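Provide a 3D model corresponding to the input given below.
(chains A and B)
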Amino acid sequence: MIRAYATENQFHRSLNLYSKMLDTELTPDKYAFPFALKSCAGLSDLWTGKQIHLHLIRYGCSVDLFVDAALVDMYAKCGEVETARLVFDKMTVRDLVSWTSMISGYAHNGYNSETLEFFDLMQNSDVKPNRVSILSVLLACGNLGMLRKGEWFHNYVIQTGFQSDILVATSIIDMYTKCGSLDSAHYLFDQTMGKDVVCWSAMIASYGIHGHGRKAIDLFDRLVDEGVRPNHVTFTCILSACSHSGLLEEGKKYFDLMKEYEVVQELKHYACMVDLLARAGKLSEAEKLIERMPVKQDSSIWGSLLGACRIYGNLDLAEKVADRIFQLDPTHAGYHVLLSNIYAAKSRWSEVERVRALMAGKSTKKILGYSWIEFKNQVYKFSVGDRLNPQSEKIYSLLEELAAPMINLGYVPVTDFVLHDIEDEAKEVALSYHSERLAIAFGLINMSPGTPIRITKNLRICGDCHNAIKFISKIVKRVIIVRDMHRFHHFEDGVCSCGDYW
DNA sequence: ATAGGGTTAG
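Model (predicted):
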């Protein structure tokens, strides 16, 4: 029964029975523990997971292939990757599933390079990967934006025949999407037989994140024609796609359509709608939607609105919205910076100072921005103004060389994005060495002419860099593809695919 | 008798 409930995702019931079992004279055995642990994993219930870990030691089940794999999985799914690794290291015998549990734990917790390293280690231990273990490396390649490595795995999948597996195919489509190769994603999607709703959703998401809202809509309508039932993820994908392309009326239509399919409108769907309305300039409509939505608000849904307040220079609403945000999430550095930028754009320097002081007083957690690029099977990472790369000399002189032609073509640095107490000239310098520009210069120096430069960035690209990269793409006659935390920007001949709508 | 798995806002 513990197993049956765990298998049916009824984790609370599963654990209730486990707990009842402890009250009897029976003791759980090595067949019960994996499923009790699976239920903890499903609930991300670390506390109960640790209790069960103690039980299984007490009952002498701590050296068992199945129990240990379940422990690794439980710790990983509860975010305790290091503990999972300790359990894994203690195992005396490891099979494909134990390796895969660990690799998947790495992949799903953002330990992307570890995922790839561990996959190699597994193969060196003469454990042959199967379709399940492939999913994790594809996820890691996608997260890292490692297109060449991802292509290598795609080829590997073709050789091994795993491509006919719909889960693997979907993962490859997603990998290509996240590596900026929309064409490859689309090509594989068309080739894939027996597509289910997940695969369709992945492709809709793909068009969305690359800014092809119309194609996402066509695909959604095709999915419906083929009798596939869209689910909560499919709707998230289509709403997000509409939002990235500014398709306001279409987005509203799909939001309403959710009711017909009896798909519950969750926070993530409202977030897309707020974003869509706000970026289209319907600020008060967006505000009203947040106020009257029947799901619990979070700081980020107000954050979308604050972002739109910056675009439209609406200071009054920005102040009101920022109040709400700081009540919900007082230590978020990004929203403080956003608010101070809104003040800066209106030259309200004393307010800028006030927000900065507020920020310092609350010890906000600032995420350091960085950008990276794949080159020769490696990832090269840059942060603003750093000189850690051996080719720094060349990188900085290339950026300096580009400055004059950029200005000749009409580039004007916009320094609103830098805090105002730096001198103007210093601001321009700080901007011109943002991590994405260093990564792009590295790509231009090292990659053969004609190949697109693909950059990944952990934050949103700043407005000035977005503008600068347009000019760079024109001058160097290169396609530059930037993935920021939000979406893709394809720069070519001075134009960005996002149409500056982002 | 037992395990590992694809899509999702900001």
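
which residues of chain A fall in strands?
A:370-375, A:378-383, A:453-457, A:480-483, A:488-492, A:495-496 (DSSP state E).

Is it possible to get those strands out as CSV so that each row also shows distance to residue A:143 and mean pLDDT?
From N, CA and C alone the C-beta is placed, and that goes for glycine too. Output for those, formatted as CSV (distance: least, CB to CB, whole Å; pLDDT from 0 to 100):
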stretch, distance to residue A:143, mean pLDDT
strand A:370-375, 11, 96
strand A:378-383, 11, 95
strand A:453-457, 9, 96
strand A:480-483, 10, 97
strand A:488-492, 15, 97
strand A:495-496, 23, 95
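
which of those sits most buried?
Across the strands of chain A, averaging neighbours per residue (mean count of other CB atoms under 10 Å) puts strand A:453-457 on top, at a mean of 25.

how far off strand A:370-375 does that one point, in degrees?
150 degrees (axes from the mean of the first three to the mean of the last three CA atoms, to 10 degrees).

Pull the distance from strand A:453-457 to the chain's centre.
14 Å (CA atoms, centre = their mean, to the nearest Å).

So that strand, near DNA strand B or not?
No: applying CB under 7 Å from any atom of the strand, one finds strand A:453-457 separated from DNA strand B by no less than 14.0 Å.

neighbours of residue A:432, just the number please.
20 (other CB atoms under 10 Å).

I figured it was touching residue A:407, is that so?
No: using CB atoms under 8 Å, residue A:432 is not in contact with residue A:407; the gap is 11.1 Å.

Mind listing the shared neighbours of these two?
Here residue A:432 and residue A:407 have no joint contacts, going by CB atoms under 8 Å, 6 or more residues apart in numbering.

Grab the nearest non-local neighbour of residue A:282.
Setting aside the residues directly before and after it, residue A:282 is nearest to residue A:248 in space (CB to CB, 6 or more residues apart in numbering), at 7.5 Å.

contacting residues for that neighbour?
Contacts of residue A:248 (CB under 8 Å, 6+ apart): A:242, A:276, A:277, A:280, A:282.

Which ones among the residues you listed map onto helices?
When these are checked against helices (DSSP state H), the matches are A:242, A:276, A:277.

mind giving me the domain split of chain A?
A:286-366, A:370-496 (the TED database).

Look at the closest residue to residue A:306 other than its chain neighbours and say how many residues are nearby.
By the measure of CB to CB, 6+ apart, the closest residue to residue A:306 outside its immediate chain neighbours is residue A:321, 4.9 Å from it. Residues lying near residue A:321 (other CB under 10 Å) number 28.

Tell me who's in contact with residue A:321.
Per CB under 8 Å, 6+ apart, neighbours of residue A:321: A:287, A:302, A:305, A:306, A:309.

Relative to residue A:10, which of those is nearest.
Nearest to residue A:10 out of the contacts of residue A:321 is residue A:302 (CB to CB; 35.0 Å).

so what pLDDT did residue A:348 get?
The per-residue pLDDT reported for residue A:348 equals 90.

Identify the residues contacting it.
With contact set as CB under 8 Å, 6+ apart, residue A:348 has these partners: residue A:315.

Now do the contacts for whichever residue of the stretch 301-450 of chain A sits closest to DNA strand B.
Proximity of the stretch 301-450 of chain A to DNA strand B (CB to the nearest atom of the strand) peaks at residue A:304, 4.4 Å away. By CB under 8 Å, 6+ apart, the contact set of residue A:304 is A:271, A:274, A:275, A:278, A:279, A:286.

Get me the contact residues on the stretch 351-500 of chain A for DNA strand B.
Counting by CB under 7 Å from any atom of the strand, the stretch 351-500 of chain A sits next to DNA strand B at A:486, A:487.

let's see 10 Å
A:460, A:485, A:486, A:487 (CB under 10 Å from any atom of the strand).

Per-residue confidence, the third one, what does it come out as?
With respect to pLDDT, residue A:486 has a value of 91.

ditto for the first one
With respect to pLDDT, residue A:460 has a value of 89.

residues near it, how many?
16.

Narrow the contacts of residue A:321 to those in helices?
Counting by DSSP H, the contacts of residue A:321 place A:287, A:302, A:305, A:306, A:309 in helices.

Including neighbour count, could these go into a markdown table?
A markdown table is the format used below for these (neighbours: other CB atoms under 10 Å):
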| residue | neighbour count |
| --- | --- |
| A:287 | 21 |
| A:302 | 25 |
| A:305 | 26 |
| A:306 | 25 |
| A:309 | 25 |
